[in-house]
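Novice: quick one, what's the 3D model for this:
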Amino acid sequence: MRTTLTLDDDLAGLLKRRAQELGVPFKEAVNRTIRAGLGEAAKPARGQAPKTVPHSFGFRPGIDLDKLGQLADELEAEAYAAAAKPRDPARRQRPRSRP
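Specialist: Coordinates of the predicted model:
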């Protein structure tokens with residue numbers, strides 16, 4: 001991203017000197033310095049683990065919650081099969097060919 005940044009004179013001098021020491025362009029020295037400075041601040045603070053609150057979703061006994069994906073696939077397949085069937089009973093019957 002390209003942006004305009006106003007630096008204090010002393011900071012600009014330090015960054016120019018640092019760029020010369022490292023043999024890199026001024027832009028790269030600025031980016032490295034900012035990354036190094038943000039290194040500790042960018043790390044997430046370790047706090048308490050979030051509390052898990054159990055909730056009953058009202059499933060009936062005997063329903064295997066680990067197979068809900070399979071159940072959804074079966075219901076989708078049934079719905080697709082029902083939609084693919086012709087609705088007009090006359091269309092279902094094919095005329096018989098005579099030998």
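Novice: whatever helix or strand residue 10 lives in - contacts with which helices or strands?
Specialist: Using DSSP states H and E, residue 10 falls within helix 9-22. Applying 3 or more C-beta pairs under 8 Å, 6 or more residues apart in numbering; DSSP states H and E, one finds that helix 9-22 contacts helix 26-42. Every residue, glycine included, has its C-beta placed from N, CA and C.
Novice: measure how the helix it packs on sits relative to helix 9-22, angle-wise.
Specialist: Interaxial angle, helix 26-42 versus helix 9-22 (axes from the mean of the first three to the mean of the last three C-alpha atoms, to 10 degrees): 110 degrees.
Novice: hmm, who's touching helix 26-42?
Specialist: Contacting residues not belonging to helix 26-42 are listed as 5, 15-16, 18-19, 22, 24 [C-beta atoms under 8 Å, 6 or more residues apart in numbering].
Novice: now that helix: buried residues?
Specialist: 29-30 (16 or more other C-beta atoms under 10 Å).
Novice: gap between the nearest residue to residue 18 once chain neighbours are set aside and residue 17?
Specialist: Spatial nearest neighbour of residue 18, chain neighbours left out: residue 29 (4.9 Å); criterion: C-beta to C-beta, 6 or more residues apart in numbering. Distance from residue 29 to residue 17, counting by C-beta to C-beta, to the nearest Å: 9 Å.
Novice: follow-up on the earlier one: mind saving the C-alpha coords of the helix holding residue 10 as CSV?
Specialist: Provided in CSV are the C-alpha atoms of helix 9-22 (Å, rounded to 0.1, in the frame of the first residue of the first chain):
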residue,chain,number,x,y,z
ASP,A,9,13.7,14.4,11.7
ASP,A,10,15.6,12.4,14.3
LEU,A,11,13.6,9.2,13.4
ALA,A,12,14.1,9.7,9.7
GLY,A,13,17.9,10.0,10.3
LEU,A,14,18.0,6.8,12.3
LEU,A,15,16.0,5.0,9.7
LYS,A,16,18.3,6.2,6.9
ARG,A,17,21.4,5.2,8.8
ARG,A,18,19.8,1.8,9.5
ALA,A,19,19.0,1.3,5.8
GLN,A,20,22.6,2.1,4.9
GLU,A,21,23.9,-0.4,7.5
LEU,A,22,21.7,-3.1,6.2
